Structure formats: structure tokens, C-alpha cells
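S.K.: 3D model of this:
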Amino acid sequence: MQITRIRFSFLKALFGLLLTTLSVLTFAESKKLLVIDSENAAPYLEARESMLLELKDHGYKIGENLVVSYYSIENNEGTGIRILRAEAGNHDVIFTNGTIASLAAHKFGYAQPEHKFVFCSVTDPIGLGLIQNFNQPSNSNFTGVAYGIPVYERLHFLRMVLPEARTLAMIHSDLPQSKSYVKWLKEELSMPEFQDLRIIFVEIPYVLGKHGSKRMIRQMKDKVKELSPVVDVFLTPSDQFGTKPEYSETINKFSDKPLMALTEQELKLGWGSHFGAYPNQENAGRM
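M.R.: Reported below is the predicted structural model:
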């Protein structure tokens with residue numbers, strides 16, 4: 001497993017904690033920030049870059065008084081744990097960007113106050129046990145910003161764009177964030193507003209590695225062909241499989257049904273999605 005490493009020498013409460021933590025030492029002394037991405041790609045890239053810009057705006061500048069150690073674990077939880085064992089004790093704050101990176105952090109250092117974690121881009125931080133809820137200050141050494149938009153808002157927007165749609169399909173991975181998202185969708189379908197909707201869920205095992213997504217796409221093609229005649233619309237899942245260009249391109253190539261995006265890139269970069277509602281990752285990083 002290749003580890004990308006670069007050495008560069010909701011929510012007011014979140015950012016307040018980050019700044020307070022970095023201010024423990026005298027300001028003239030360099031602070032050390034460890035950043036671990038689940039993957040060096042969207043949607044983590046935007047959140048990480050905007051987080052560093054926000055720190056810069058508040059006086060924490062890389063090369064002057066801020067040292068940032070960066071790793072991408074390529075969705076390998078074990079890699080994340082090994083990095084934390086080696087690096088966590090040498091840093092003032094640890095920024096975990098994504099569900100798998102944050103899951104590794106939880107297993108490594110939950111309830112260990114000597115380690116201070118700020119998470120971002122996590123679909124279900126409550127389900128992972130990072131925090132208890134969003135209505136009170138964190139009672140652990142974790143705080144952060146969740147990823148995504150509420151399931152209700154996504155389905156409501158779908159109603160506005162395609163009011164005649166009744167049968168939906170979602171091809172997703174078996175990553176933890178997908179399991180949470182599928183559960184929420186099933187719960188939302190029990191609400192009166194959406195009881196006439198049906199979602200067909202198809203799970204594909206997540207494949208690690210540089211070419212893992214391509215292997216998953218090969219499994220996906222036949223599923224798209226099979227589903228296309230019986231569904232009205234496809235939904236991008238809330239996982240790293242769905243954020244790959246090949247995901248949208250495959251549905252667009254092998255189906256004549258629209259795809260509802262969940263990330264900005266799917267729409268703006270012309271991957272094949274037709275409409276969508278997505279979170280603002282730049283704002284999340286700054287928060």
C-alpha cells in the first residue's frame with residue numbers, strides 16, 4: 001500500500017476548539033498539526049485546503065509558526081492506525097478527514113485526552129462513536145463537522161426535479177459511511193411524504209488499492225444494465241466509490257436514466273450526472 005506523505009514545514013464550537021488547542025503554547029512557538037486524509041482526492045481535498053487557509057487567516061502560517069505533517073491512507077484503516085501510533089504523540093492537534101481516517105483515529109485514541117482530534121467529511125460521526133450528538137459540546141477528545149446533506153433534503157429536491165419518479169436505484173460500496181446512508185434512506189422512505197418511493201440497493205464490496213475502483217466499476221456495469229429498464233433515476237452513494245469519475249461515467253454510458261449527484265465535481269466536471277444537491281466542502285473545512 002503506497003502512503004502519500006508531504007512534509008510542509010457544527011460550527012463555531014469546532015473552530016474554537018481548534019484555535020484554542022493550537023494556542024496552548026506561546027504563539028511565537030510553532031504548532032504541529034497532523035492531517036490524515038482518507039484519500040487524497042475529492043471531497044477531502046477541498047476541505048483540507050480550506051481548513052489550512054482558515055488557519056492562515058487566523059495567523060497560523062506554514063513555514064512560520066505552523067508545521068503540518070500530511071498523510072493519505074487510501075481508505076486503509078490499518079495504515080491510519082500505524083501512522084497515528086508513530087506520529088500522534090508529536091502533534092498538538094490531529095485533523096482526520098473522512099470516515100475511514102476518523103475510524104482509525106477512534107480505534108487508536110478515543111477517550112485519550114493527550115490526543116486532540118478534529119474530524120471533517122465524516123458521514124455518520126454519531127454512528128462511529130466519535131461524538132454523542134450535535135446538540136451539545138463533545139464529551140470526548142473528538143469534535144468536528146459531518147459530511148453530506150440531510151437525506152430528507154435530498155429526497156425532497158428529487159421530488160422537485162423529477163416529481164414522477166417512483167423507483168430509484170443506488171449502487172454503493174460496503175464502506176461504513178454507505179451502510180449508515182442506506183439505513184437513513186430506508187428510514188426516510190417510511191415517512192408519509194416518501195412512502196410511494198422505492199429504492200433498489202445494490203452493494204459492491206469495496207476494493208482497496210490503486211486500481212480498486214476500476215475493479216469495482218467492472219462489477220457495476222452489468223448491474224447498471226439490469227437496473228436501467230426498471231428504475232426512473234440512479235442516486236450517487238455517500239462513499240468514495242460514488243465520488244470517482246468512473247462511477248458517473250458508467251451509469252451515463254450504460255443507462256438512459258438520469259443520475260442524481262452528491263458531489264460538486266460530478267456536475268461541474270461533466271462526469272455524467274444530470275442534477276444533484278451536495279455539501280459545500282470549502283465551508284466545512286473553514287468551520
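S.K.: Outside of stretch 103-115 itself, list whatever touches it.
M.R.: Stretch 103-115 has contacts (Cβ atoms under 8 Å, 6 or more residues apart in numbering) with 36, 73, 77-81, 84-85, 88-89, 94, 96, 117, 119, 128-130, 140-142, 176. Where you see a C-beta, it was placed from the backbone N, CA and C, and this is true even at glycine.
S.K.: Show me where the stretch 1-150 of the chain has its strands.
M.R.: Along the stretch 1-150 of the chain, counting by DSSP state E, counting those that start in this stretch, strands occupy 4-8, 31-37, 66-72, 93-97, 117-122, 142-146.
S.K.: Who are the contact partners of the residue at minimal distance from the centre of the chain?
M.R.: What sits nearest the mean C-alpha location of the chain, by Cα atoms, centre = their mean, is residue 121, with 3.7 Å. Neighbouring residues of residue 121 by Cβ under 8 Å, 6+ apart: 38, 43, 44, 47, 97, 98, 99, 145, 147, 281, 284.
S.K.: how about 10 Å then?
M.R.: When contacts are counted by Cβ atoms under 10 Å, 6 or more residues apart in numbering, residue 121 touches 37-39, 42-48, 96-99, 101-102, 144-148, 177, 279, 281, 284-285.
S.K.: Tell me the buried residues in the lengthiest helix in the chain?
M.R.: Of all segments of type helix in the chain, defined using DSSP state H, the longest is helix 212-227. For helix 212-227, the neighbour count (16 or more other Cβ atoms under 10 Å) marks 212, 213, 216, 217, 220, 223, 224, 227 as buried.
S.K.: How confident was the prediction at the closest residue to residue 77 other than its chain neighbours?
M.R.: Leaving aside its chain neighbours, residue 77 sits nearest to residue 104 (4.8 Å; criterion: Cβ to Cβ, 6 or more residues apart in numbering). Listed pLDDT for residue 104 reads 98.
S.K.: What distance do you get for residue 104 to residue 82?
M.R.: Shown here: residue 104 relative to residue 82, a distance of 9 Å by Cβ to Cβ, to the nearest Å.
S.K.: Give me the common contacts of the two.
M.R.: Shared contacts of residue 104 and residue 82, defined by Cβ under 10 Å, 6+ apart, comprise 73, 76.
S.K.: just the helices in this protein please.
M.R.: Under DSSP H, the chain gives helices at 12-22, 44-57, 77-87, 99-109, 151-161, 176-188, 212-227, 245-254, 264-268, 281-286.
S.K.: Give me whichever of the ones you listed is most buried.
M.R.: helix 99-109 (a mean of 25; mean count of other Cβ atoms under 10 Å).
S.K.: Report the distance from it to the chain centre.
M.R.: Averaging C-alpha coordinates over helix 99-109 and over its chain gives two centres that are 13 Å apart (Cα atoms, centre = their mean, to the nearest Å).
S.K.: And for stretch 120-136?
M.R.: Distance, centroid of stretch 120-136 to centroid of chain: 12 Å (Cα atoms, centre = their mean).
S.K.: mind listing what's buried in it?
M.R.: 120, 121, 122, 123, 124, 125, 128, 130, 131.
S.K.: okay, those residues in TSV with distance to residue 207 and pLDDT next?
M.R.: Formatted as TSV, the buried residues of stretch 120-136 follow (distance: Cβ to Cβ, whole Å; pLDDT from 0 to 100):
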residue	distance to residue 207	pLDDT
120	25	97
121	21	95
122	22	95
123	19	93
124	22	94
125	25	95
128	22	93
130	26	95
131	30	94
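S.K.: quick check, nearest of those to residue 235?
M.R.: residue 123 (14.4 Å; Cβ to Cβ).
S.K.: surely the closest one meets residue 150?
M.R.: No: using Cβ atoms under 10 Å, residue 123 is not in contact with residue 150, being 11.7 Å away.
S.K.: where do the contact lists of these two overlap?
M.R.: Counting by Cβ under 10 Å, 6+ apart, the shared contacts of residue 123 and residue 150 are residue 184.
S.K.: just to revisit the earlier point, of all the strands of the stretch 1-150 of the chain, which one comes closest to residue 267?
M.R.: Minimum separation from residue 267 across the strands of the stretch 1-150 of the chain (Cβ to Cβ) falls at strand 117-122, 18.4 Å.
S.K.: Fine by me, we can end here.
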